[in-house]
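Novice: Sequence first, then the predicted structure, then my questions.
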Amino acid sequence: MFYIQVLLNGVTAGVTLALVSIGLTLIFGVLGVVNFIHGVVFMLGAYATIYFAQMGGGYFGGLIGAAISTAVFGLIVAYFFLERFQGRFLEGAVFTVAGALFLESVAHELFGGAPRGIAPPFSGVYNINGLILNKHRLLVLVAGLLIVLAVHLYVKHSRFGRAMRALQQDPLAATLQGVRVREVSVFTFGLGSCLAGVAGGLVAPLQLSLPDMGVVPLLLAFVSIIAGGMGSIAGAFWMALCVGMIQSVVTSFWSPQAVIGVTFLFAMMVLVVRPTGLAGHDH
Amino acid sequence: MTQNKLGKRRKGVTRRDIGLYGAALSTTLLMGTRNARASQVVKFGLMSSFTGPAASFGEVEAVSVEIAIADINAAGGIKLKDGPAKVELIKYDHAYDPSKATTLARQAVQDGVRFLEVLGGGVIPAVQTVSEPAKMLLFGQGAGTHWLGPKRPFTFQPFYNIGANAVVCLEYLKQAKPQTKKIALVYPDDDMGESIAGTVIAGAKRFGFEVERHFVTRSTTDYYPLLSSMMRSPPDYIDIDGMPGPQYATLAKQSRENGYKGGFIFSTSLDPNAFRKLSASDAIVGSLNAPAWAEWSTEIGKRWTAEVDRRLPGNRQMWTGRSYDNLILLKAAIEDAGTLDTTQIAQALERVTVSGLAGTVRYVNRSIAAPIPVGEIYLTSNGDIALKKVFEGNG
């Protein structure tokens, strides 16, 4: 039972990270921008969930509110700012670093430095012969998997998804084929932000929220998308699961102190074997 | 030698010259006096966490410091040889970030701050890189003892010693709950955590307890993997120390979710708000907390309590009383030294004794010496976290 628990802990952590990572890799794939604002959007999702819930929407109302508001936030940022950095790797990165620091400062002013919390919609745990299943973590697991699947199907089979992939593979050819670059880019940023916001909203009941809560998820998401293959949804997903599993296995069998080191060592090994990442391609 | 309007030089001093020199001298003297008066301000810096994971500590710490400064200034300030000096407070927000704290410490030096109280055992060493060379007296409201010692002669610890508090709790368990066998320690993975662990492991061995220790990063929010491992052979008590309130509240809550039935030891100040926001107050009923300062019995302590309750309803944190006592001790030490030279004041701090909130207070080996009460946690009828004193020791 202990081994199943370790597996479950790892998958739950991995799926939450996958939501953040997939949004990040989508944005990079289509806009070619390394988006450091993504961690801030994760934090905004958590705060938005708490605020909308307190306004009477309940947890699920809060989560929907967070999804919509972070998507709108992403659309605005992309429309007015980031779209002009399309393909400008360094300039885009500098802009998003500055933007992330600025937004985090604004969050400190708006939300205050004291931690905020929200009660989970389903509190307590199922204890099945010693296997601990936290109800909210189960919700995070199921919701996360469903969202990842939905995004995967959308990107693979919808017309807009095909446009996103075309833009990712060859922007010039996609433009010549009639893909509306600006619309697709802005929409992709909105979708990626929405995923980060939902991830923040899903973890909000599991921890106390602070303005800098997005820093560590962003760092781990970068590991996932780089080792998973920049721009690859499948790569980001599987690598996020690997990172979650490493966290669980190393902590349970060795020491929490070793987690970061082992995670980066694993990512380095993946990149040594496949420099383009797990599912990445040379362009 | 002077020069007349025609430009001819003539020897001697005229009455006009005497008048001019006199006026200049008077102006200089007046300005000097004015400057001397203006310098009669002792700048006391408070570098704390007003934002970030320990933000709930900064505000309450500031209130205690403000009360002490108001009391000192109302009583005429600090008596120096050339007249009384008022105490002026300057606040710095390090947000529990060591690199930010180092920058702010440099700023404090530039601001003319000679006395600086700093929150956080994980942050204090970063500030010391600036405060010690600048001979600025640093008062550390933080855990661990790794930042104290003869190599840091300008650093004092008004905060209690977390390791010593934990050892007093273990002493209580040995006497009152002899069935206790195993203690798990969960500390931050830094010098402070190592320092506390060293003290507590030595104490646990003295009392014959089996000990397992775990170090976690300060950014940890998911303790399930750690707890899954710990619950294979559950401890009787988990000692959680050296972390901000949200972190230990999360750990306590997730411990219960993972089926942990034992108690917790909090050898530090409890942050009731963190438990309240996580709906985790129930999780720590029956656990131990030291120092369990439920209330002060002295007159000055009662007055402090009333003022804190007025300014921070429902959020009184007794550890901040040490900030008050420290300022009263500092005032006595400056008056004893008769100078603002920090080397002499540091020596005087080891000599003076004052009446503090809990009674007589003094520094011994740069730490405030006082008995450590242990309290058992219970919930009031309103669901608020409260303490019942069950033991007292010296660690």
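Specialist: The structure has been received and is ready for your questions.

Novice: now the helices: where do they sit in the stretch 251-395 of chain B?
Specialist: Here the stretch 251-395 of chain B has its helices, by DSSP state H, counting those that start in this stretch, at B:272-277, B:299-311, B:321-337, B:342-349.

Novice: if I look at the residue of chain A positioned farthest from its centre, how far off is residue A:1?
Specialist: What lies farthest from the middle of chain A is residue A:129; by CA atoms, centre = their mean that is 33.1 Å. Counting by CB to CB, to the nearest Å, the gap between residue A:129 and residue A:1 amounts to 6 Å. (Glycine included, C-beta is placed from N, CA and C.)

Novice: do the same with residue B:134
Specialist: 58 Å.

Novice: who has more neighbours, those two?
Specialist: residue B:134 (18 against 12; other CB atoms under 10 Å in any protein chain shown).

Novice: residues in contact with the closest residue to that one other than its chain neighbours?
Specialist: Distance criterion CB to CB, 6 or more residues apart in numbering or on different chains; nearest residue to residue B:134, sequence neighbours excluded, is residue B:109 at 4.9 Å. Residues in contact with residue B:109 (CB atoms under 8 Å, 6 or more residues apart in numbering or on different chains) are B:130-131, B:134, B:136.

Novice: Tell me how many other residues surround residue B:225.
Specialist: 25.

Novice: what helix or strand is it on?
Specialist: Element membership for residue B:225, per DSSP states H and E: helix B:224-230.

Novice: if you look at that helix, does any of it touch chain A?
Specialist: Yes - using CB under 8 Å from any CB of the partner chain, helix B:224-230 reaches chain A at B:224-226, B:228-229.

Novice: Now do that helix: everything it contacts.
Specialist: Here helix B:224-230 has contacts from A:2, A:5-6, A:9-10, A:12-13, A:132, A:134, A:137, A:247-249, A:251-253, A:256, B:184, B:186, B:212, B:214, B:216, B:238, B:254-255, B:258, B:260, using CB under 8 Å, 6+ apart.

Novice: Now the buried members of those.
Specialist: Buried subset of the contacts of helix B:224-230 (neighbour count, 16 or more other CB atoms under 10 Å in any protein chain shown): A:5-6, A:9-10, A:12-13, A:132, A:134, A:137, A:247-249, A:251-252, A:256, B:184, B:186, B:214, B:216, B:238, B:254-255, B:258, B:260.

Novice: Filter the contacts of helix B:224-230 down to the ones in strands?
Specialist: Members of the contacts of helix B:224-230 lying in strands (criterion: DSSP state E): A:132, A:134, B:184, B:186, B:212, B:214, B:216, B:238.

Novice: re earlier: just curious, which of the contacts of residue B:109 is nearest to residue A:31?
Specialist: Nearest to residue A:31 among the contacts of residue B:109 is residue B:130, at 42.3 Å by CB to CB.

Novice: and the closest one, that's in a helix?
Specialist: Yes - using DSSP: H, G, I helix; E, B strand; the rest coil, the assignment for residue B:130 is a helix.

Novice: tally of neighbours for the nearest residue to it once chain neighbours are set aside?
Specialist: Leaving aside its sequence neighbours, residue B:130 sits nearest to residue B:105 (CB to CB, 6+ apart; 3.7 Å). When neighbours are counted by other CB under 10 Å, residue B:105 registers 27.

Novice: now the strands for the stretch 1-150 of chain A?
Specialist: Along the stretch 1-150 of chain A, the stretches classed as strands by DSSP state E, counting those that start in this stretch are A:125-128, A:131-134.

Novice: Name the stretch among those strands that sits most buried.
Specialist: strand A:131-134 (a mean of 18; mean count of other CB atoms under 10 Å in any protein chain shown).

Novice: So is that strand next to chain B?
Specialist: Yes - in terms of CB under 8 Å from any CB, part of strand A:131-134 sits within range of chain B, namely A:132, A:134.

Novice: What pairs with that strand, parallel or antiparallel?
Specialist: Applying DSSP bridges, strand A:131-134 is found paired with strand A:125-128 (antiparallel).

Novice: average model confidence for the partner strand?
Specialist: Averaging pLDDT along strand A:125-128 gives 88.

Novice: Next: stretch B:94-107.
Specialist: Mean predicted lDDT for stretch B:94-107 stands at 93.

Novice: Any chance you could list what contacts it?
Specialist: Identification of contacts with stretch B:94-107 by CB under 8 Å, 6+ apart yields A:113, B:47-55, B:92-93, B:116, B:118-120, B:122-123, B:125-127, B:129-131, B:136, B:244.

Novice: Apply 6 Å and report the result again.
Specialist: Stretch B:94-107 has contacts (CB atoms under 6 Å, 6 or more residues apart in numbering or on different chains) with B:47, B:49, B:51-54, B:92, B:120, B:123, B:126-127, B:130-131.

Novice: mind checking how far the nearest residue to residue B:255 once chain neighbours are set aside is from residue B:287?
Specialist: Closest residue to residue B:255 in three dimensions, ignoring its sequence neighbours and counting by CB to CB, 6+ apart: residue B:227, at 5.8 Å. Going from residue B:227 to residue B:287 by CB to CB gives 16 Å.
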